[in-house]
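> kindly generate the corresponding structure for this input.
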Amino acid sequence: MRPALVGAALLVAGCGEGGGDPAPESSPLAAVTPAPPAAPSRQVGQVSALSGATSGLTGQVSGFAVSVTDTATVVQLAADTLFAFDKADLDSAAQANLQRTADLVRQGGTGEVAVVGHTDAKGDDAYNLDLSRRRAAAVATWFRTQPGLAARTFVPEGKGETAPVAPNARPDGGDDPDGRARNRRVEVVIPRA
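Modelled structure (predicted):
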């Protein structure tokens, strides 16, 4: 073999992936072995001084929806996340959404906080009105027991099935379970700061 080919063969043998030990520093091959090219420096994203934050005042998460008007923050709590079917006793699962609402009450303005119960249209009107009143009272009572809220005035009110936010029935007259579920709710109206 010619000397040039032997040097090239040794160079190739020592440079591949897992191709053995690299040539020692004192070896003549170390001087001819090129260093791997540096990875090019490139910017993957833009760096900005702007930052964002998620507001606790908008959005819907598991039966918790918030809207803001000129005068109030309105929290809609799905009754199905607060109460068992046809009941007015708060479920233990209601705590998370009630705590989130209590935080908004603490951040809100002074004045009365309205707690308004609503039902779907299934059943007797008088019964639904009574159930909505009892549910609103249960939520208002819970708020009064929370730290920093005992001095606030919570005014419970029941509207029964009189203020739906969705149809209780489909256009063909059939039952609309999704619409009825949206109508079963407790609204907490918090004065704006």
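> tell me how far residue 89 lies from residue 131.
12 Å (Cβ to Cβ, to the nearest Å). For every residue, glycine as well, the C-beta is placed using N, CA and C.
> who has more neighbours out of the two?
residue 131 (24 against 11; other Cβ atoms under 10 Å).
> so what's residue 120 up against?
128, 161, 164, 168, 179-181, 183-184 (Cβ atoms under 8 Å, 6 or more residues apart in numbering).
> packing partners for the top helix by length along the chain?
In terms of residue count, the longest helix belonging to the chain (DSSP state H) is helix 125-144. For helix 125-144, the packing partners by 3 or more Cβ pairs under 8 Å, 6 or more residues apart in numbering; DSSP states H and E come out as helix 95-107, strand 113-118, strand 154-158, strand 185-191.
> could you list the buried residues of that helix?
Going by neighbour count (16 or more other Cβ atoms under 10 Å), the buried part of helix 125-144 is 128-140, 142-143.
> again, but for stretch 170-180
176, 179-180.
> tabulate those residues in JSON lines, adding columns for distance to residue 152, pLDDT and secondary structure.
Shown next, in JSON lines, are these (distance: Cβ to Cβ, whole Å; pLDDT from 0 to 100; DSSP: H, G, I helix; E, B strand; the rest coil):
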{"residue": "176", "distance to residue 152": "36", "pLDDT": "96", "secondary structure": "coil"}
{"residue": "179", "distance to residue 152": "33", "pLDDT": "95", "secondary structure": "helix"}
{"residue": "180", "distance to residue 152": "32", "pLDDT": "96", "secondary structure": "helix"}
